[in-house]
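Student: no FASTA, just this:
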């Protein structure tokens, strides 16, 4: 058995003296692991850092075997975020969600492309990379069959001034319809629905906190329901670092 594909490094676990089991999100093969020999060498060690894209060739005698991988570098991202704990933790969070949430060896080409776009934005430090991250988490939920319906209000059917999400039905609720039940609904950040959202945006840190709570609720409920302590630690670490910001200057603190 053999295939060749491009993949994003999700994790690398040392095995023995010089090898590692490397897990990739590939475009056509889904989440797939393989044994990489010589992973402790300087060239391989830098290539298999979390978030990088590689060209991979996988071989095994049988399809259900772990198999071996030969990797070649394609896109290096990790080096550009090593001095930025927030962006580095964002890569780790996304990779951990994929590693722990996706079934093995099932293709998700749309998710692969979305992850590539997100990781490029994080590596570049674009102005909207945080918003892109939480939009990506919504996409992950949708790809796994647990998408939120943010198209219109679940009660009135209106498509404007959406301000909440029902934690049970995962459907949007308008500000007017949701106000009497606001303490039981999840706030919906405007950046997730654009002009159809509430007319007055909160401070970015508040919107980010709302988005983290919103997507985190459904990830924990549907994707990681049996995990001790809820969501993966890496995701919690990212949110913690993200929200540790200077509210006067708006500059993220590392």
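Tutor: Thanks, I have the structure now. The model shown is predicted, which means the values in this text are computed figures rather than measured ones. Numbers count the residues shown, from 1 in each chain.

Student: Tell me the bridge partners for residue 149.
Tutor: In this entry, residue 149 is beta-bridged to residue 171, by DSSP bridges.

Student: I figured it hits residue 172, correct?
Tutor: Yes. At 6.5 Å, residue 149 counts as touching residue 172 under the criterion of CB atoms under 8 Å. From N, CA and C alone the C-beta is placed, and that goes for glycine too.

Student: In space, what's closest to residue 25 - neighbours in sequence excluded?
Tutor: residue 8 (4.7 Å; CB to CB, 6 or more residues apart in numbering).

Student: helix, strand or coil for the one you found?
Tutor: Under DSSP: H, G, I helix; E, B strand; the rest coil, residue 8 falls in the strand class.

Student: how many neighbours does it have?
Tutor: When neighbours are counted by other CB atoms under 10 Å, residue 8 registers 27.

Student: for it, what are its contacts?
Tutor: 24-26, 51-53, 95, 112, 115-116, 119 (CB atoms under 8 Å, 6 or more residues apart in numbering).

Student: Rounded mean pLDDT for stretch 49-62, please.
Tutor: For stretch 49-62, mean pLDDT rounds to 97.

Student: what do you get for stretch 204-220?
Tutor: Per-residue scores along stretch 204-220 average to 94.

Student: residues in contact with that stretch?
Tutor: By CB under 8 Å, 6+ apart, the surrounding residues in contact with stretch 204-220 are 97, 101, 130-131, 134, 137-138, 140-141, 146, 148, 165, 167, 170, 186-192, 201-202, 227, 230-231, 235, 239, 242-243, 245, 247, 250.

Student: taking those residues one by one, which sit in helices?
Tutor: Within the contacts of stretch 204-220, residues falling in helices by DSSP state H are 97, 101, 130-131, 134, 137-138, 140-141, 235, 239, 242-243.

Student: Nearest to residue 67, out of these: which one, please.
Tutor: residue 101 (22.4 Å; CB to CB).

Student: if we can go back for a sec, buried only: go through the contacts of stretch 204-220 for me.
Tutor: Buried members of those, scored by 16 or more other CB atoms under 10 Å, are 97, 101, 130-131, 134, 137-138, 140-141, 148, 165, 170, 186-192, 231, 235, 239, 242, 245.

Student: Quick check, central residue of the protein?
Tutor: In the chain, the centroid-proximal residue (CA atoms, centre = their mean) is residue 94; its distance is 3.1 Å.

Student: Pretty sure that residue sits against residue 116.
Tutor: No. Here residue 94 does not reach residue 116: they are 11.2 Å apart, not a contact under CB under 8 Å.
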